[in-house]
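Asks: pasting a predicted model and its sequence here:
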Amino acid sequence: MTRGRERSRDPETILGEARDAAARGFTQITLLGQNVNAYRGAMGGTAEIADFALLLEYVADLPGIERIRYTTSHPNEFTQRLIDAYAKVPQL
């Protein structure tokens, strides 16, 4: 409540930063937020909303990314889709 409502960055911006890091030779990406698994980012120009599991899948698809870490998560937002992402995304 003190911080105000949650805000999520644009997924294309996040993916662009991760892509640039991978191009510079970084192999690990860390996603950081007050509650990262509550992420809901609007996909550019569409009504589609990317949740955290989808963002993780997009980051994992970037060439050169071997490991994805994140902090800080909250149990209230630990969804079945996030659990499924762990089965599907070897970089996690």
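Replies: Happy to help now that I have it. Numbers count the residues shown, from 1 in each chain.

Asks: longest helix of this protein?
Replies: The longest helix of the chain (DSSP state H) is helix 11-23.

Asks: which elements pack onto that helix?
Replies: Judged by 3 or more CB pairs under 8 Å, 6 or more residues apart in numbering; DSSP states H and E, helix 11-23 is in contact with strand 28-32, strand 40-42, helix 52-60. Just so you know, the C-beta spots here come from the backbone N, C-alpha and C atoms, and that holds for glycine as well.

Asks: for the first one, buried residues please.
Replies: Neighbour-count burial for strand 28-32, counted by 16 or more other CB atoms under 10 Å, picks out I29, L31.

Asks: just how off-centre is that strand within its chain?
Replies: In terms of CA atoms, centre = their mean, to the nearest Å, the centre of strand 28-32 is set 8 Å apart from its chain centre.

Asks: what strands line up against it, and which way round?
Replies: strand 67-71 (parallel) (DSSP bridges).

Asks: which residues touch the spatially closest residue to N35 that is not a sequence neighbour?
Replies: Once flanking residues are discounted, N35 sits nearest to H74: 4.7 Å by CB to CB, 6 or more residues apart in numbering. Listed by CB atoms under 8 Å, 6 or more residues apart in numbering, the contact partners of H74 are N35, N37, A38.
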